[in-house]
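[1] need a 3D model of the sequence below.
(3 chains)
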Amino acid sequence: MRRLTQMAVASIATAALAFTVTGCGDDSGDGDSGKGGADKGAALAYDIGGRGDLSFNDAAAAGFDQAKKEFGWEGMEVEPNEGETDADKIQRLTDLAKKGYNPVIAVGFVYSKAVGEVSKKFPKTNFGIIDDPVEGKNIANLVFNEEQASYLAGVAAAKVTKSKTVGFIGGVETPLIKKFEAGYVQGVKDTDSSVKVEVKYLTQPPDFSGFADPAKGKSAAEGQLDAGADVIYHAAGGAGNGAIEAAATAGKWAIGVDSDQYNAPTLAKFKDKILASATKNATGAVYNLIKSVHDKKPQSGEQRYGLKGDGVGLTESNPAYTAMTDVVEAVNAAKAKIVSGEITVKTEP
Amino acid sequence: MKNAFKFDRERLLLGIAGPVLALAVAFALSVLVLVASGLDPIEPFQIMFSSLQEQDVQVLIVNQWATYYLAALAVAVGFRMNLFNIGVDGQYRLAAVLAAIVGVKVSAPGPLHILIIILTAIVVGSIWAGVAGVLKTARGVSEVVSTIMLNAIAGNLIAWMVLKDQFGEQAEGSNDLTTGLIDESGWFPGIKVSDFAGEIYGFVFIAAAVGVVYWYVLSRTRFGFDLRASGASESAAAASGVDAKRMVLVSMLISGAVAGLAGMPELLGGTHTYSSNFPVGVGFTGITIALLGRNNPIGVAFAALLIAFLDKASSQLNLEGYPAEIAKIMQGLIVLSVVISYEQVRRYGQRRQQHRVGEELAAQAKKNRKEVSA
Amino acid sequence: MHAIVGENGAGKSTLMKTLYGMHKPDEGTIAVDGETVDIAGPADAIARGIGMVHQHFMLADNLTVLENVTLGAEKLYGIGGRARKKIMEISAAYSLGVRPDVLVEDLGVADRQRVEILKVLYRGARTLILDEPTAVLVPQEVDALFHNLRELKSEGLTVIFISHKLGEVLSVADDITVIRRGTTVASVTPGEVTRKQLAELMVGSELPTPETRESTVTDQPMLQLEHLTLAEGGVSAPLAHTGAGGTTLPESATTETVAAGRKLLDDISFTIHKGEVLGIAGVEGNGQTELIDAIIGMHTPDSGTIRLDGTDVSSWPVRRRREAGLGYIPEDRHRHGILLDSPLWENRILGHVTEPPNSRGFRLDIKAARADTERIVEEYDVRTPGIDVTAASLSGGNQQKLIVGREMSHHPKLLIAAHPTRGVDVGAQAQIWDQIREARREGMAVLLISADLDELIGLSDTLRVIFGGKLVADADPATVTPEELGTAMTGAASGHLETPDDAPGAGADTEDGRR
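    Residues are numbered from 1 along each chain as shown, chains lettered A, B, ... in the order given. Next up, the predicted model:
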């Protein structure tokens, strides 16, 4: 009797589950609504961390904000949950497209599969994805030659080092960050093959704290300083702030990444020792895509941002850097060679 | 017999009272949080519940349920005998990545291919948990410590395995590493709901079946009795003839095997590959769910459904302009209230039962006295 | 000094808990110092000067006496010098002899009890409630306890104590209240009643005796122990110290206090024949626990063999031994005999999960197990409203009846009975004795370990005395007196105990390993 009841409860529960799904419930989407248009504006789907990560998501957000101001719509920003599946991302992008946002821009390769699938369901909506080559008629792939900027950082580092040892700190050992390492190491070696490069990654995926935890960046940098490094280049997002702090405190050079960290308010204390920053103009790329949709001439396919066209670059904000004319000259020469194609920068170490 | 029934029903009521009380408290606290942060305290709940009526959200919840349910059962097996398997997350991921690799390397006709992948996951999951089991039985190492460390080791092992030098693949121009796509013969067939909403993973039903097996083994077999006895009182179980070491090892192996299965709904039904995008933290959510469901297969099923719903609902909140964190805060509040309310209800139940026993005996005594005086 | 006596489940503990504020009365009033009070909880009770010493001690093993006493009462005298001074003061005033810096786990039962008493006095109690304080003590310790209690009384404190041992009650109490099934049936003074009358008041019927003189001993050996030896540190139970969180206490914490290599069991040999009850007398902690564990298979002895019914079972695991016909009534039923939070019918399965009626093949036969639980409840008079209540909601005596019923239901060849009637009322005691006698007549062998010397003498066919892990004396239950046994238990006598004045080995072994 008891057993029967328990079994019954169990099977009812299972059946109920199945029912909710198959039986009742209307479609949350009515397919391609087609009511998309510039009126609702763009939507931005962030990678883990979202707005406020002081790094990549923020750079994209800046482009979004610029467009928002200029075109006068509200737009929409959404963040992922930790531990979510591709299905969740698909659903998120679907919802954005269904609500009529155009373009829908996804930050990061984690959205690769989702953008590929959802773009087919909404052929009239334009999609953008940063750092990923997923193909589709209505997809714009915003990709960057980070290795080229890193190459310039390597040239600068090799020029200023006195101890003939420089450091590289990667946040998380992903193919993307390895591009930074590859360009940097090549830049150093091409300039002065006797300079030694210390390479350190803070974490392995799927542990992404290497992009977030400054304490990790700091201790890694201290290790490299102990090993004799006097220039440290980091590609570690927020964790890199710790690396900059360590280098600057020791009176050594740091090279920033993504945005112009010399002018970052949070790093103002160490700005004098921030030699330069290898930037990546995600802000501009996002803005350009939104503008192209607004102008009814939507981008599609690969939108490559390299040294050519200043999609990536090395900043010259620090007067101490511009004062070292030989360094600046060497960097500019290298830049010219890359733009002309004389030098091809490797994307893998 | 009549009495027995009465007590049983009371136990059921008390069993339900715990979660209901917890949810009510959590709801009230969430409203407070919303008010305190200057947001509409009611609309988020409306959004969350109205999202439930949408078919694609339903499909997402059900598919997520399968993963959560399996992960929580893996945790619950350990809990039932006082083993804290914190390593479900590592076991689940390691099992998923190796199952994916085997799935790519092997080609076989449909059902066999799927079976090979599933078996790989089960074996890998149980071996990884078994390491902690062996450490505990042979050296007395706490499984809490060893499984946490094994999680870290699994993470690095996976990072190494998906490198291109080993089993990884990197699409041209992509920044993602995967283990390559499993042949379609190794895809677990699902039930298509509609073009728009996608399909329910077939593995959802396997997960439900695992729940039934869990219930049967624990409450209807000798082994299950030994396991529960060990959890209730280690010393009493030892005196009753349970080999404590063997029990620790076996339950770790089972826990790991179920943890291995937890990755299968997603791998066989969704991604068909392991990439750095594969969900993490599932094992930890499993701990929450097992606690919430009190290690009871039906309770855990509902708890998994609730957490899956909150997960998906938080995305909906985000889309409506509310911070997604609201749903996260609610999850936290639920866990907190659960722990407190279960303890309260348990104490109340115990007091009440003792009271009842006393009453019953007093009534008997009165009757006896009357008989004597008559 | 007021004694409360009554059968198990009569409501003594409930009454005490009500006094101590752990339960709320449905009706009626409690008056303290003539003033009607409403006690909201233990804290309130303490504030009103009511303190309780529980049957199961509530001390943290890994803390010192000082820490245990101040725990939760830090506000009174702090936790440092002032607290120490106060403890020493109380200890001296009532000659409790408490040493504040010893770890509780190193203390014997009697010492722990004194710590409990001190704890209560430290909190300013004027009324002490003691729940079966003598159940765990040997005669000499009981005397010491009563001496302490008389000191308290002479200082003007009130002592309420619960006991089954009617002799003690009569000798120490000023007033006696007898309760039965939740009501007061008599209020008497020791001068008014005899022991027999008191017992009859309690049970409500004729008094049973443990005496049994018709011998059923056969010449077929059932349990043979040969040269069983177990040394300290050889205890092979690494999991025994792990709790729910899996924390393992360092082995050294438990071993550093005794001399390394001390023999817990020293060359123990004896034979129990079919139909024989072998009684082992001894002060707790002299190897009884280890002896039981070795026979049941929870500890592996360093050397020696154990034969059950002619078969060498030394290397068998616990379950196989139990399946082979080993019944076990454990000394600590909460630790080894029942699952407190499980219903009665599951407790009926415990220890016999592989045997009918509990299972068929790998499956449990829940229906049969439940039916059999109903039978046990009926036959062994377990007072419970049903078999779905948890074991924890039964009184101690009823839990014990369930355990005895369970073990006897499997017709063991050998029954290990450790304190089979501890905490059990007179009526149930007789019933348990009857059960043991009955089974003995049918050829069951019994290893009886008890602190109740009357029980040992009354029930056993042969008596041995264990001291410091050795069997130091034997005696004929027909002629020996409790006093003689008591002497041998403290190591003051050895060999064959013949007459009180003729103890040839007196004085031997006295310095050996005694705490």
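
[2] point out where chain B drops to low pLDDT.
    Applying pLDDT under 70 to chain B flags residues B:1-8, B:10-11, B:172-173, B:361-362, B:364-374.

[3] so which residues of it form helices?
    Per DSSP state H, chain B carries helices over the ranges B:2-36, B:43-51, B:55-79, B:88-105, B:110-139, B:143-161, B:203-220, B:222-232, B:234-239, B:244-262, B:264-266, B:282-292, B:297-319, B:325-373.

[4] dump the ones you listed to JSON lines, plus mean neighbour count and distance to residue C:217.
    All C-beta atoms are positioned from the backbone trio N, CA, C, and that covers glycine. Formatted as JSON lines, the entries for the helices of chain B read as follows, by neighbours: other Cβ atoms under 10 Å in any protein chain shown; distance: least, Cβ to Cβ, whole Å:
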{"stretch": "helix B:2-36", "mean neighbour count": "15", "distance to residue C:217": "43"}
{"stretch": "helix B:43-51", "mean neighbour count": "17", "distance to residue C:217": "77"}
{"stretch": "helix B:55-79", "mean neighbour count": "28", "distance to residue C:217": "50"}
{"stretch": "helix B:88-105", "mean neighbour count": "28", "distance to residue C:217": "58"}
{"stretch": "helix B:110-139", "mean neighbour count": "21", "distance to residue C:217": "43"}
{"stretch": "helix B:143-161", "mean neighbour count": "19", "distance to residue C:217": "50"}
{"stretch": "helix B:203-220", "mean neighbour count": "19", "distance to residue C:217": "44"}
{"stretch": "helix B:222-232", "mean neighbour count": "22", "distance to residue C:217": "36"}
{"stretch": "helix B:234-239", "mean neighbour count": "24", "distance to residue C:217": "28"}
{"stretch": "helix B:244-262", "mean neighbour count": "26", "distance to residue C:217": "37"}
{"stretch": "helix B:264-266", "mean neighbour count": "26", "distance to residue C:217": "65"}
{"stretch": "helix B:282-292", "mean neighbour count": "24", "distance to residue C:217": "55"}
{"stretch": "helix B:297-319", "mean neighbour count": "23", "distance to residue C:217": "53"}
{"stretch": "helix B:325-373", "mean neighbour count": "16", "distance to residue C:217": "40"}
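
[5] so can I have CSV of the ones you listed showing distance to chain A?
    Conversion of the helices of chain B to CSV gives the following (distance: least, Cβ to the nearest Cβ, whole Å):
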stretch, distance to chain A
helix B:2-36, 7
helix B:43-51, 8
helix B:55-79, 4
helix B:88-105, 8
helix B:110-139, 16
helix B:143-161, 3
helix B:203-220, 5
helix B:222-232, 14
helix B:234-239, 24
helix B:244-262, 12
helix B:264-266, 6
helix B:282-292, 6
helix B:297-319, 5
helix B:325-373, 8
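
[6] okay, and the helix or strand of chain A with the least pLDDT?
    Taking mean pLDDT, DSSP states H and E as the measure, the helices and strands of chain A show their lowest mean at helix A:2-22, namely a mean of 44.

[7] please parse the chain into its domains.
    Chain wasn't specified; assuming chain A. Following automatic domain parsing, one gets these domains for chain A: A:32-144+A:281-311, A:146-279+A:318-340.

[8] wrong one, chain C
    Chain C is divided into the following domains under automatic domain parsing: C:2-203, C:221-235+C:261-497.

[9] Serialize those to CSV and add fields for distance to residue A:231, mean neighbour count and mean pLDDT.
    As requested, the domains of chain C are arranged in CSV below (distance: least, Cβ to Cβ, whole Å; neighbours: other Cβ atoms under 10 Å in any protein chain shown; pLDDT from 0 to 100):
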stretch, distance to residue A:231, mean neighbour count, mean pLDDT
domain C:2-203, 55, 18, 79
domain C:221-235+C:261-497, 60, 21, 87
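
[10] tell me which of those domains sits nearest to residue A:131.
    Among the domains of chain C, the nearest to residue A:131 by Cβ to Cβ is domain C:221-235+C:261-497 (54.9 Å).

[11] next up, the contacts around the residue nearest to residue B:109 when sequence neighbours are not counted.
    Excluding its sequence neighbours, the residue lying closest to residue B:109 (Cβ to Cβ, 6 or more residues apart in numbering or on different chains) is residue B:185, at 6.2 Å. When contacts are counted by Cβ atoms under 8 Å, 6 or more residues apart in numbering or on different chains, residue B:185 touches B:107-110, B:113-114.

[12] can you rerun that using 7 Å?
    Counting by Cβ atoms under 7 Å, 6 or more residues apart in numbering or on different chains, residue B:185 makes contact with B:107-110, B:113.

[13] measure it to chain C for me?
    Distance, residue B:185 to chain C, by Cβ to the nearest Cβ, to the nearest Å: 35 Å.

[14] any weak-confidence spans in the stretch 201-349 of chain A?
    For the stretch 201-349 of chain A, counting by pLDDT under 70, the residues that fall below are A:206.

[15] for it, give the residue positioned nearest to chain B.
    Residue of the stretch 201-349 of chain A nearest chain B, by Cβ to the nearest Cβ: residue A:204 (3.5 Å).

[16] next, give phi and psi for that residue.
    Main-chain dihedrals, residue A:204, degrees, to the nearest 10: phi -110, psi 140.

[17] same question for residue C:390.
    Main-chain dihedrals, residue C:390, degrees, to the nearest 10: phi -80, psi 150.

[18] what separates it from chain A, distance-wise?
    Residue C:390 sits at a distance of 17 Å from chain A (criterion: Cβ to the nearest Cβ).
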